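> no sequence on this one, just coordinates:
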């Protein structure tokens, strides 16, 4: 059973991050945008069963839950705590290979995508994780890099403005012609 060590606010007012005493996964990230995506995940399914939950994102000892903005956090936290406390560590993890990179990106031999992925892994994703979220690269087409924010970052106004601008600035060092768009 997972013990909740802390509950932290994120830059997104509609998301909270739970810090556990022990990790649920060993580096495998899980990201769910709706209950249908979470059908095969016990923890995410239980969290989506709570009214107003619209996103579940977790990795290691961090769980981020995003709500639709219609619930009062003090009441919602009381409903979210039991399924989190009942969560069991995932011992036989199957790595979701496309949680950070789409299949298209994984199969690409474009050196720009490889460089962008390395840069995101080193300079962007650790900071997004600290804020309760992540970033998936969907593809690079006609010099348009498509990215998708996950977890708390998915509905955060800061992600779609400041963070996106910062990512584009970094990517332009790799190729000044690339434009970054959030989808």
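Cool, the structure landed. Since the model is a prediction, treat every value here as computed from it, not as a measurement. Residues are numbered from 1 along each chain as shown.
> tell me the buried residues in the lowest-mean-pLDDT helix or strand in the chain?
Scoring the helices and strands of the chain by mean pLDDT, DSSP states H and E places helix 103-106 at the bottom, with a mean of 78. For helix 103-106, a neighbour-count test (16 or more other CB atoms under 10 Å) marks residue 105 as buried. (Glycine included, C-beta is placed from N, CA and C.)
> touching, residue 131 and residue 150? I think so.
No: applying CB atoms under 8 Å, one finds residue 131 not in contact with residue 150, separated by 11.1 Å.
> in terms of neighbours, single out the busier of those two.
residue 150 (27 against 22; other CB atoms under 10 Å).
> show residues contacting the helix or strand hosting the more buried one.
Secondary structure from DSSP states H and E places residue 150 in strand 144-151. Strand 144-151 is contacted from outside by 15, 31, 55, 57, 64, 66, 99, 116, 128, 132-140, 154, 156, 159-160, 164, 167, 171, 178-183, using CB atoms under 8 Å, 6 or more residues apart in numbering.
> tell me where the protein has helices.
For the chain, the helices defined by DSSP state H cover 42-48, 73-86, 103-106, 111-119, 125-130, 164-174.
> please parse this protein into its domains.
By the assignment in automatic domain parsing, the chain contains the domains 4-86, 103-182.
> any idea which of the ones you listed scores lowest on pLDDT?
Among these, domain 103-182 carries the lowest mean pLDDT, a mean of 90.
> gap between the two ends of that domain?
Taking CA to CA, to the nearest Å, domain 103-182 runs 18 Å from one end to the other.
> where's that domain relative to the chain centroid, distance-wise?
Taking CA atoms, centre = their mean, to the nearest Å, one finds domain 103-182 lying 13 Å from the centre of the chain it belongs to.
> for stretch 3-23, same thing?
Centre-to-centre, stretch 3-23 and its host chain are 13 Å apart (CA atoms, centre = their mean).
> who's in contact with residue 67?
The contact partners of residue 67, taken as CB under 8 Å, 6+ apart, are 14, 15, 52, 53, 54, 73, 76.
> pretty sure the last one contacts residue 52?
So that's residue 76. Yes: counting by CB under 8 Å, residue 52 is a contact partner of residue 76 at 6.3 Å.
> I'd say residue 133 and residue 158 touch.
No: judged on CB under 8 Å, residue 133 makes no contact with residue 158 at a distance of 10.4 Å.
> okay, and the common contacts of these two?
Counting by CB under 8 Å, 6+ apart, the residues touching both residue 133 and residue 158 are residue 12.
> looking at those two now, which is surrounded by more residues?
Comparing residue 133 with residue 158 by other CB under 10 Å, the one with more neighbours is residue 133, at 29 against 14.
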